[in-house]
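Asker: my questions are about this predicted structure, shown below with the sequence.
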Amino acid sequence: VHFRCNRIDSCARCMKESVEAGGRPLDLCETGSRKIDVFAQMDNGLYFPQIELLDELVAGYPNATLFLTFRSIEKWYNSLNKWPPRRNGPHMNDKLKKQNITGFPSGVGENVDEFAEWFCNHVERVRGIVARSPSLTLVEVDIEDSTTAKRMSDMFDIDESCWGHTNANPMSNP
């Protein structure tokens, strides 16, 4: 699942509601007999359960595999400044500065250095949680590495063609 856990709701919404109802983060996200194996981009651009509910995710799914994706900080920051692809914004960096995200309080994010510090602190937080939870698996992926498709195929027995960049921003990647 990418972004939407069902036809109407974002994963962010159902995860927040699941925890508020006293359940595990994904309890209200799987509907009917549909079994979801992978949740990618849990956030909705305003609420980030993969950050805000990280402890609850680990407690609720102690055998989970977590992914941390990496790329050049400069390219990531450039992408934030141009997503979604519209000329006059608001763009993702503007939205993030207004949120009160764990480790990234409102008003922070005026430059690439502040975003880089936040990202690095988040990576350290995830690595620390995984180090204290030996049943978790952490996979770190450099999305700019030309060998990533092969490595993902080898690790997860998926076809290399399943790995790619499908949402290239036309403003950043003309």
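Answerer: Happy to help now that I have it.
Asker: ok, and the closest non-adjacent residue to the most centrally placed residue in the chain?
Answerer: The residue lying closest to the centre of the chain (CA atoms, centre = their mean) is residue 41, at 4.5 Å. Counting by CB to CB, 6 or more residues apart in numbering, the nearest residue to residue 41 once its immediate chain neighbours are dropped is residue 3, at 4.9 Å. Heads up, the C-betas are built off the backbone N, CA and C, glycines and all.
Asker: show me where the protein has strands.
Answerer: With DSSP state E as the criterion, the chain has strands at 65-70, 137-142.
Asker: with distance to residue 90, mean neighbour count and mean pLDDT added, can I get those in CSV?
Answerer: Below are those laid out as CSV (distance: least, CB to CB, whole Å; neighbours: other CB atoms under 10 Å; pLDDT from 0 to 100):
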stretch, distance to residue 90, mean neighbour count, mean pLDDT
strand 65-70, 23, 14, 94
strand 137-142, 28, 14, 95
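Asker: so can I have a markdown table of those strands showing distance to residue 21?
Answerer: Formatted as a markdown table, the strands of the chain follow (distance: least, CB to CB, whole Å):
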| stretch | distance to residue 21 |
| --- | --- |
| strand 65-70 | 24 |
| strand 137-142 | 28 |
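Asker: looking at those strands, which is nearest to residue 113?
Answerer: Closest to residue 113 of the strands of the chain is strand 65-70 (CB to CB; 17.2 Å).
Asker: next, the angle from that closest one to strand 137-142.
Answerer: 20 degrees (axes from the mean of the first three to the mean of the last three CA atoms, to 10 degrees).
Asker: re the thing from before, how close does the residue nearest to the centre of the chain sit to residue 2?
Answerer: Using CB to CB, to the nearest Å, residue 41 is found at 5 Å from residue 2.
Asker: quick check, residue 56 in contact with residue 23.
Answerer: No. Look at residue 56 against residue 23 with CB atoms under 8 Å: they stay out of range, at 9.4 Å.
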